[in-house]
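Undergrad: sharing a model prediction with you, sequence too.
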Amino acid sequence: MKNKDKISDFTNENLLQAFIESRDVAYFGELYRRYIPLVYGLCLKYLNNQESAHDAVMDIFATLVEKVPQYEIKNFNTWLYSVAKNHCLHVLRKEKQTSFVNIDDAFVENEAIFTLTDKPQSQEETDALAYCLDTLSEEQRVSINYFFYEEKSYADIVDLTGFALSKVKSYIQNGKRNLKSCIMKVLQLS
């Protein structure tokens, strides 16, 4: 892996390992170059603007050059997809100053009570949410606070907490389910 003239012949795994060991951006640049069409397509899908998608591709590269050595990456393709998606969602949140939540990830399906992206409609709902947040585990409470209230991406939460990406997703998912159950009990809707 010392001969950079043949860098284009390296496997993705070899490029990643060479970059982590040497911090030579040429290795990561070659690896990222192979994924640019996929990253651009994903960014275009989310941002719906060619210039914004192009900017996102460049921003993601700059971020990854700094962050890749900090992570243990088992499947670069999957990891990169997740990072790119979270970057785009973060851009959208900043632009719109709103919190985007997939319908599948909705906090509460019951229209009779509010969701984390809505403002509580009554003092009783506000109190129920505050009480139920305090019943969560520390990891769930921290992850939910960063994700919904501070509008941090999964990647941001990983950086801020040191939790693994899979754990952050799990803490948010389980925390939402636990909040829903608790709020429904407190408000006696179940």
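TA: Arrived safely.
Undergrad: how far does the least confident helix or strand in the chain by mean pLDDT sit from its chain's centre?
TA: Ranked by mean pLDDT, DSSP states H and E, the weakest helix or strand in the chain is helix 123-135, scoring a mean of 81. Centroid separation for helix 123-135 versus its chain: 26 Å, with Cα atoms, centre = their mean, to the nearest Å.
Undergrad: what residues sit buried inside that helix?
TA: By neighbour count on 16 or more other Cβ atoms under 10 Å, the buried set for helix 123-135 is 125, 128, 129, 132, 133. In this view, the C-beta of every residue, glycine as well, is placed from N, C-alpha and C.
Undergrad: of those residues, closest to residue 23?
TA: residue 133 (41.1 Å; Cβ to Cβ).
Undergrad: just give the nearest non-adjacent residue to the residue nearest to the spatial centre of the chain, would you?
TA: In the chain, the residue lying closest to the centroid (Cα atoms, centre = their mean) is residue 154, at 2.6 Å. In this structure, residue 154 finds its nearest non-sequential neighbour in residue 86, 4.9 Å apart by Cβ to Cβ, 6 or more residues apart in numbering.
Undergrad: hang on, that neighbour packs against residue 153?
TA: Yes: with contact defined as Cβ atoms under 8 Å, residue 86 counts as touching residue 153 (3.8 Å).
Undergrad: which residues touch the residue nearest to residue 154?
TA: For residue 86, the contacting residues are 153, 154, 155, 156, by Cβ atoms under 8 Å, 6 or more residues apart in numbering.
Undergrad: can you flag which of these belong to helices?
TA: Using DSSP state H, the members of those that fall in helices are 154, 155, 156.
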